[in-house]
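In: next one to model:
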Amino acid sequence: MQLEALVVNMFRILPLGLLACSTPELATSSDTAAVAHAPGLTGVASAVASAPGVTAPNALSPELFATAVAQGSIPVENPQRLPVGEPAVSVTHYGYDSDGPLVPAPGDIQSATHQIEATKTEPDKNTYLVLDGQTGADPAYDYGRHFVFQGHEHGARDAGTITRINLDADLAHRVTVMAVADTSGAALPLIDGSTWDPFAQRLLFTSESDTAGGVWQATLDVPSTVEDISGAFGRGGYENIANDSDGNLWVIEDVGGTKGTVNKNAKQPNSFVYRFVPVNPADLKHGRLEALQIISLRTHEPITFHAGQADADITSDDVRDLHTYGNVFETRWVTLHDTEVDGFAPFDANALAKARFATPLKRPENGAFRPGSHFRDFYFDETGDTDLRSEAGAERGGFGAALVLHQAHPSADHGTLRMLFRGDAAHTGFDNVAFWDRDHVAFVEDAGDTLHTQRNAHDSGYLLDVTANYAAGLAPVRIIALGRDPSATLDSALGGAPGFQNEGDNEITGIHVSNGDSTPSGILGARTPNPFHHGWRVFFTQQHGDNTTWELLPRERCD
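Out: Sure, this is the predicted structure:
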């Protein structure tokens, strides 16, 4: 089909924009189970239906609305040339590099050697800070005090970017490029997770680029000084990074495992939960990397990875036990690497975790500490196989889970693990995590185009009540039913074209609840969030397509 005809037909179907207070057409199926309590929020009955060529706005709990704080087409105030390859490519817009037009030209046709639209950079996890004295590209401009920092998960020539959204600024100064290269001159990797470390006074960014991934630290100034500190943290497919009150960093890896020979739609557990214990919290180049080990209820030995035995691990009794309500497992941390003993050369963290008998999981991605727990309770998710055909099923983590690690204190060597919620076909692909208040935690889906098609539904964001008994059949409360913007709808249609580089359907990422406090008292989990009051703000990013970052607000302001 000619691209021009595709665009015309698509835009005849539904309106172009997303109205903050509008209600979209919803999927015909809805959750029939009783739902757990949510704090003053009414659940959205159903996910937004997924249909080829159809664009749809988001639906939110009726008590909420969303306002865009940045979208992909906003020009950055300081375009930066990527330090990779020729011809030159620059970061010119918040969500686009300069290797093509923002919208395909009428009649243009995608081919293996010709890109019809620019590479979309996909801003990922959000880190909100309230800061004084921040500067930018314009020395005469007052950039205000409120900022959202992000790394970008995609980019031309696989080069990443760090940007800052200046929430108090006008359009011309709204987005600042912080960095595109590290101190060695190397291009930044594609970036996923981010956090602010108040002890080291650095922004931290993670890359899930497998053995090319790792952790980078960045200063707050513009241009930012960015250092690769993978000599301490190792190389790995790192998705998430979180702080605790002792100055430790908790890193979660998202590396998909091998599919089975018999279980062809399920993947072997292959990713680990790590903890970095610095020698001095102000210096993240020295310290000890550990991996979480979970003890089998059956053998009382560590649950481990078995090389070349994907089918056996996928269907193992231990994996089933991990996804059974009521089971409580002993855990301990095992040391993988210590800079004071092993030196500072980057190392393969995943390989060491397997060699030291740490426990692999079904694509854990993100985690957060429960407020009021004094950093003793760490909640994290497993994404699962993101395929309804998964032979692992719900009982062996094929649809993921929300898990809870409890320890006597954040630096404890031992703890216990249990499951809070087991995913199912309607609630799966959990990715980003943020506590809404003391007893409610938000998990948002990244199910992917395949699963969207299989269940005729786009992604949703849920609140889970950490005091609820989900074994009784309760369903979480849906507060976001993501739609699909026009740009993502077009990209979804182009997904099968030779060489097309951009993602299809939108996904929810970067759910973030913070008051922006940059001191140790502001570490997420140190205080109980109070959304929309006393400086607490809520953000999420509708990744892919228009790449819009939204702020959630109470609906009474939507008049």
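
In: where does the stretch 301-450 of the chain dip in pLDDT?
Out: For the stretch 301-450 of the chain, not a single residue meets the criterion pLDDT under 70.

In: I'd like to know how many residues surround the nearest residue to residue 523 once chain neighbours are set aside.
Out: Spatially, and ignoring its direct neighbours in sequence, residue 523 is nearest to residue 243 (4.8 Å; Cβ to Cβ, 6 or more residues apart in numbering). Glycine gets a C-beta too; all of them are placed from N, C-alpha and C. Counted with other Cβ atoms under 10 Å, the neighbours of residue 243 add up to 26.

In: please apply the same query to the one 5 residues further on.
Out: One way to gauge burial is a neighbour count; for residue 248, by other Cβ under 10 Å, it gives 21.

In: over to it: give its phi and psi.
Out: phi -80, psi 160 (degrees, to the nearest 10).

In: please enumerate the strands of the stretch 1-150 of the chain.
Out: Assigned by DSSP state E, counting those that start in this stretch, the strands in the stretch 1-150 of the chain fall at 59-60, 64-70, 75-81, 90-93, 96-97, 123-130, 146-152.

In: turn those into a markdown table, including distance to residue 509, mean neighbour count and mean pLDDT.
Out: As requested, the strands of the stretch 1-150 of the chain are exported to a markdown table (distance: least, Cβ to Cβ, whole Å; neighbours: other Cβ atoms under 10 Å; pLDDT from 0 to 100):
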| stretch | distance to residue 509 | mean neighbour count | mean pLDDT |
| --- | --- | --- | --- |
| strand 59-60 | 16 | 24 | 98 |
| strand 64-70 | 14 | 19 | 97 |
| strand 75-81 | 20 | 17 | 98 |
| strand 90-93 | 18 | 20 | 97 |
| strand 96-97 | 17 | 24 | 98 |
| strand 123-130 | 5 | 25 | 98 |
| strand 146-152 | 10 | 26 | 98 |
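
In: dump these to CSV, plus distance to residue 428.
Out: Below are these laid out as CSV (distance: least, Cβ to Cβ, whole Å):
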stretch, distance to residue 428
strand 59-60, 19
strand 64-70, 23
strand 75-81, 35
strand 90-93, 33
strand 96-97, 31
strand 123-130, 20
strand 146-152, 25
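
In: any idea what the residue nearest to residue 523 is bridged to?
Out: residue 249 (DSSP bridges).

In: for residue 510, see how far away it is.
Out: As for residue 243, its distance to residue 510 is 17 Å (criterion: Cβ to Cβ, to the nearest Å).

In: same question, residue 94
Out: From residue 94 across to residue 510, the span is 14 Å (Cβ to Cβ).

In: what do these two both touch?
Out: Here residue 94 and residue 510 have residue 123 as joint contacts, going by Cβ atoms under 8 Å, 6 or more residues apart in numbering.

In: for residue 454, which three-state class applies?
Out: Under DSSP: H, G, I helix; E, B strand; the rest coil, the three-state class of residue 454 is helix.

In: isn't it right up against residue 386?
Out: No. Here residue 454 lies out of contact with residue 386, judged by Cβ atoms under 8 Å, at a distance of 9.4 Å.

In: the more surrounded of those two?
Out: Neighbour count, other Cβ under 10 Å: between residue 454 and residue 386, residue 386 has more, with 23 against 16.

In: remind me which helix or strand that one belongs to.
Out: Residue 386 belongs to no helix or strand when elements are defined using DSSP states H and E.
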